[in-house]
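In: With the input below, show me the fold.
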Amino acid sequence: MSDSDDSQDVDVERWRDELESKRAEKDEFFADHPQSPIPPEERDEFAGLDYFEPDFDYRVTATASVHDDPEVVLMDTTAGREMRYLRVATLEFDLEREDEALEDGTVELAAYQLESPNEEPLFVPFRDKTTGQQSYEGGRYMELAPEGEFEDGDEIVLDFNLAYSPFCAYSETFDCPLPPEENWLEVAIPAGERFE
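Out: Numbering: from 1, shown residues only. Model (predicted):
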């Protein structure tokens, strides 16, 4: 199974159009949907989410190391609780940016699933050098849905342009897991949702 596609084969204009379309749909959901995290009294003033400019350099292909016997990771939440997740894979990728000081360009992020059996996508919470400045202080999330059985050595596309702020960024009524320290990146990822 492989969820990767060679970057040379990707139509960048089509990718950008699809990304902008997803962002427009999300703005509509936040503005009008009953389950929007925007408090009802603030929705009339809501003018859309703030995003970094689309940047294809932050769409990378990661190689997975799948953990056969996943360890339990306790994630603190914004409400002071703990949630139990399983560290199911480690994703390794290259991030080559001229303005960032990476020793070898290689970055790792852990991917998790809730401990209870489920078919949910892989959960990748992270912090980076934009956290608390240009993006939400509690970190951002990505979700990945590999096709078929996820196996060691598989490649999967990580598109940081899809990174989003959790609902608790908009309302204290939500309780959100905070990225564990192993997913605190020492680089800035100016892609995805902004939050200032």
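In: show me the contacts for the residue positioned nearest the centre of the chain.
Out: Nearest residue to the geometric centre of the chain (Cα atoms, centre = their mean): M142, 2.0 Å. Applying Cβ atoms under 8 Å, 6 or more residues apart in numbering to M142 gives the contacts 124-126, 158-160, 162-164. Glycine gets a C-beta too; all of them are placed from N, C-alpha and C.
In: Of all pairs in those residues, which one spans the longest distance?
Out: Using Cβ to Cβ, the two most remote members of the contacts of M142 are P125 and D159, lying 15.6 Å apart.
In: Of these two, give the one with the bigger neighbour count.
Out: P125 (24 against 17; other Cβ atoms under 10 Å).
In: Moving C-terminal from the strand or helix carrying that one, which element do we reach first?
Out: Using DSSP states H and E, the element containing P125 is strand 122-126. Using DSSP H and E, the helix or strand that follows strand 122-126 in sequence is strand 140-144.
In: Report the angle between that next one and strand 122-126.
Out: 160 degrees (axes from the mean of the first three to the mean of the last three Cα atoms, to 10 degrees).
In: low-confidence ranges in this protein?
Out: With pLDDT under 70 as the threshold, the chain has low-confidence stretches at 1-8, 96-104.
In: Can you name every helix or strand that the helix or strand containing I156 contacts?
Out: Assigned by DSSP H and E, I156 belongs to strand 155-159. On a contact count with 3 or more Cβ pairs under 8 Å, 6 or more residues apart in numbering; DSSP states H and E, strand 155-159 meets strand 59-76, strand 82-94, strand 140-144.
In: Try it again at 10 Å.
Out: With contacts defined as 3 or more Cβ pairs under 10 Å, 6 or more residues apart in numbering; DSSP states H and E, the packing partners of strand 155-159 are strand 59-76, strand 82-94, strand 106-114, strand 140-144.
In: Tabulate the CA atom coordinates of that strand in CSV.
Out: Extracted C-alpha coordinates of strand 155-159, given in CSV (Å, rounded to 0.1, in the frame of the first residue of the first chain):
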residue,chain,number,x,y,z
GLU,A,155,5.0,6.2,1.9
ILE,A,156,2.3,8.7,2.7
VAL,A,157,1.7,12.3,1.7
LEU,A,158,1.9,14.8,4.5
ASP,A,159,0.4,18.1,3.4
